[in-house]
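Participant: What follows is a protein structure lacking sequence information:
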């Protein structure tokens, strides 16, 4: 179903989408998965985390070099939680905005 949906965007200006962790698209250990020219990014931790130290530990353990994952926080969350998370991840992890992540994936 997801692949059929993404095929609708082939040839459009859409170059990247964020998929749900429950979506079985592609290898779960690598991100993005490609559907035509669209990068399909996977979350590295469950959305709406509330413990930055635990989230950082999970990211540091799961993040593989050369992959692009996303972290999603729910609306109304304290933005300082993301700052706290960013301070605790390893040097092999870099936080960028979604537009930059899409551009980086398409240039890799």
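Facilitator: Yes, it's here. Everything numeric in this text was worked out from a predicted model, so none of it was measured. Numbers count the residues shown, from 1 in each chain.
Participant: Just name the shakiest helix or strand of the protein by mean pLDDT.
Facilitator: Taking mean pLDDT, DSSP states H and E as the measure, the chain has helix 2-7 as its least confident helix or strand, at a mean of 86.
Participant: Listing partners with orientation, what would you give for the next helix-or-strand element following it?
Facilitator: Proceeding N to C from helix 2-7, the next assigned helix or strand is strand 16-18, under DSSP states H and E. Paired with strand 16-18 in the same sheet, following DSSP bridges, are strand 38-43 (parallel).
Participant: packing partners for the least confident helix or strand of the chain?
Facilitator: Helices and strands touching helix 2-7, by 3 or more CB pairs under 8 Å, 6 or more residues apart in numbering; DSSP states H and E, are strand 33-35, strand 38-43. For every residue, glycine as well, the C-beta is placed using N, CA and C.
Participant: separation between the closest residue to residue 36 other than its chain neighbours and residue 39?
Facilitator: Ranked by CB to CB, 6 or more residues apart in numbering and with sequence neighbours excluded, the top spatial neighbour of residue 36 is residue 10, at 4.3 Å. Separation of residue 10 from residue 39 (CB to CB, to the nearest Å): 13 Å.
Participant: Repeat that for residue 96.
Facilitator: Distance from residue 96 to residue 39, by CB to CB: 13 Å.
Participant: Looking only at neighbour counts, state which of these two leads.
Facilitator: Neighbours were counted for residue 96 and for residue 39 using other CB atoms under 10 Å; residue 39 has more, 22 against 12.
Participant: wait, doesn't the more buried one sit right on residue 26?
Facilitator: No - counting by CB atoms under 8 Å, residue 39 stays clear of residue 26, with 10.9 Å between them.
Participant: which neighbours do these two share?
Facilitator: residue 33 (CB atoms under 8 Å, 6 or more residues apart in numbering).
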